[in-house]
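Peer 1: predicted model, plus sequence, below.
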Amino acid sequence: MGKIDVPALNRVNLDVEKGDFIVIQGPSGSGKTTLLNLLGALDNPTSGEVWIEDTNITRRKEGGLSQIRRRKIGFVFQFYNLIPKMPAIDNVQLPMIFAKTPRAVRREKAVKLLKAVSLEHRLQHEPSELSAGEQQRVAIARALANDPIIVLMDEPTGNLDDENTQNIMSLLEGLNKETKQTFILTTHNISLTKYANKVYFLHNGSLTSGPKNA
Amino acid sequence: MLEILTMALQNITRRALRNSLTVVGLAVFVMIFVLITSFTFTVQSQVSESLSDLGGEITLWSQGALLPYFGEIPENYTARIEQIEYVENASPQIARISSVDSQDLRLVFGLNPPDISLFYTYTMVEGAMIDTNESKAVLGYLFADFLKKHNGDNITVDGHVMPVVGVFKTDTWMDNVVIIPFSVAQDNFSLSGRASIIMVTVTDLAQIDFVLSEIRTEFPDVSVSKSQEAASRLAPLMSSISLVSYTFSTIAGIACFFGVTNVMLTGIIERSREIGILKALGAGGGDVTRMMLYESAALGALGGFLGCLVSIIIFLQGMLIPITSASVVAIQIFPEVFFYGFTLSIVISTLAALYPVWRAVRVRPHEVLKFG
């Protein structure tokens, strides 16, 4: 950070299998976001490698990383990061625009995804017209737009109340089972580990596996 | 590409106030460019046209006069010129600025009635051309319309009342002037024995250079040139006018360029999070570049259109500029000037976006999205 090197992760080894629903739990500052940035081709590690399927994505230039993000990875952020003043259906189509999906296919798929997250009646609503839970559902639909093999979620329920948290996690659990896509979720909330098939704990940059919370 | 263009246009509407101000700034530049350039082109066109419409093949005028009409030379040079071989006709003429009715600073011509049809092409809209040296006047039809005068009305030229005997049309700048007999002009303007210019026609155009040489030899105290060359004598003046006007336009363009750059850079800083989101969603550097350049080009097009539209409205109100000291003309509409202005607006706006785009492409998603 600045002129001082701060190790965010230390000797992290993580193997992810197709279809896993992994929850990585850790306190604030433990390195969760850094880990997701590396897994999601948003950043490069100072040492070590990151492989997605049989592709080494380490130390690629930004152009190559954006291509990988476009084709293989979906993101869900804590604060949704929807484009303001853009209707929900257009927000969901964004990744497909960059993947050059034809217009008719894009729109149909966006409608289908919003229906899957129970927002078929909110297609034309802008983020400011949606509740927190609804915005996060739109973000989830957007993350699934290009059929990514991995969906990375950085504290997706961190800004939601308990009821919405439960709803979102149930939705994610259902989608994971239905689509068989790999979900990796970071959180400080240990109660969310019950939704995962694999649980890891991140503390001071070190990753350890752990049991699911009953 | 169409999708990125659509996103760019949507981005413009999402920041309507800021982008409106940018568009207005570009429109102001286009207006300055169009008005100044149209003014320059009009002056050049009118002066060239007025000088080339002098009639005759050779013109004599007072040495050192900025424009041929506003000096004095001896009238008796006419008789001596007519003795030169190959000279067909020589006619003295007077041009003066005078009050006409309630209008100050209007151009009045004193012409010899028998010579008018030899040197000028005209049609009579009303009445007849002056044909004697009696005190009477004919008006160019534009001036007659302006004064609401007709054949038979009286007119006051420099305090002298005289009847209007005709209204003529030449389809040149002379449609804004008053013509009175040469001798009457000499009396009214106290120019006894003097003239403003002497116009000369030759019997054989192949001998024009010979006639010029003879006149120059006999009358070393006057300026003499072929009538078509009169306009070129003003080339340095016209070049200076062009230089000044283009300098003003360039300064306006540079100010506009930096203004747009500043606005877009501020926008990039504010939108860095949005750009980070787009990149996280798979947008490449090319996508971001295209989107932002489309935005800037669209703003340039809107500004160019608005600037041209307002300029046209101003022109249609009849913006007048003085061409000679006493005659005015409306700024002409040159379609190519509007095209240049519109294009310049797009070019400036797009160029101004290059550095902000370079900054935008370098936004690293994980840096701008790290705080949630």
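Peer 2: Noted; the coordinates are in hand. Because the structure is predicted, anything quoted here is derived from the model rather than measured.
Peer 1: okay, and the residue in chain A that chain B sits nearest to sits in which element?
Peer 2: Nearest to chain B in chain A, going by Cβ to the nearest Cβ, is A:R70, at a distance of 3.0 Å. Every residue, glycine included, has its C-beta placed from N, CA and C. Under the criterion of DSSP states H and E, A:R70 resides in helix A:62-72.
Peer 1: so which residues of chain A form helices?
Peer 2: Assigned by DSSP state H, the helices in chain A fall at A:32-39, A:62-72, A:88-98, A:103-116, A:132-143, A:162-179.
Peer 1: pipe those helices into JSON lines and attach distance to B:D287 per row.
Peer 2: Below are the helices of chain A laid out as JSON lines (distance: least, Cβ to Cβ, whole Å):
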{"stretch": "helix A:32-39", "distance to B:D287": "20"}
{"stretch": "helix A:62-72", "distance to B:D287": "8"}
{"stretch": "helix A:88-98", "distance to B:D287": "6"}
{"stretch": "helix A:103-116", "distance to B:D287": "15"}
{"stretch": "helix A:132-143", "distance to B:D287": "16"}
{"stretch": "helix A:162-179", "distance to B:D287": "26"}
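Peer 1: dump those helices into CSV; add mean neighbour count and mean pLDDT as well.
Peer 2: Compiled in CSV, the helices of chain A are given as follows (neighbours: other Cβ atoms under 10 Å in any protein chain shown; pLDDT from 0 to 100):
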stretch, mean neighbour count, mean pLDDT
helix A:32-39, 23, 88
helix A:62-72, 19, 85
helix A:88-98, 25, 93
helix A:103-116, 16, 93
helix A:132-143, 24, 93
helix A:162-179, 16, 89
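Peer 1: nearest to B:P114, of these?
Peer 2: Among the helices of chain A, helix A:103-116 comes nearest to B:P114, with 79.7 Å by Cβ to Cβ.
Peer 1: does chain B have contacts with that closest one?
Peer 2: Yes - applying Cβ under 8 Å from any Cβ of the partner chain, one finds helix A:103-116 in contact with chain B at A:R103.
Peer 1: check the offset of that helix from the chain's centre.
Peer 2: Relative to its parent chain, helix A:103-116 has a centroid offset of 19 Å by Cα atoms, centre = their mean, to the nearest Å.
Peer 1: which residues are contacting it?
Peer 2: A:88-89, A:92-93, A:96-97, A:101, A:120, A:122-123, A:137-138, A:141-142, A:144-145, A:175, B:3 (Cβ atoms under 8 Å, 6 or more residues apart in numbering or on different chains).
Peer 1: what's the spacing between the longest strand along chain B and its chain's center?
Peer 2: Counting residues, the longest strand in chain B under DSSP state E turns out to be strand B:87-100. Relative to its parent chain, strand B:87-100 has a centroid offset of 25 Å by Cα atoms, centre = their mean.
Peer 1: give me the sheet partners of the helix or strand following that strand and which way each runs.
Peer 2: Downstream of strand B:87-100, the next assigned helix or strand under DSSP H and E is strand B:103-111. Next to strand B:103-111 in the sheet, as set by DSSP bridges, lie strand B:87-100 (antiparallel), strand B:178-181 (parallel).
Peer 1: report the buried residues of the longest one.
Peer 2: The one in question is strand B:87-100. Neighbour counts over strand B:87-100 (16 or more other Cβ atoms under 10 Å in any protein chain shown) mark B:V87, B:N89, B:A90, B:S91, B:P92, B:Q93, B:I94, B:A95, B:R96, B:I97, B:S98, B:V100 as buried.
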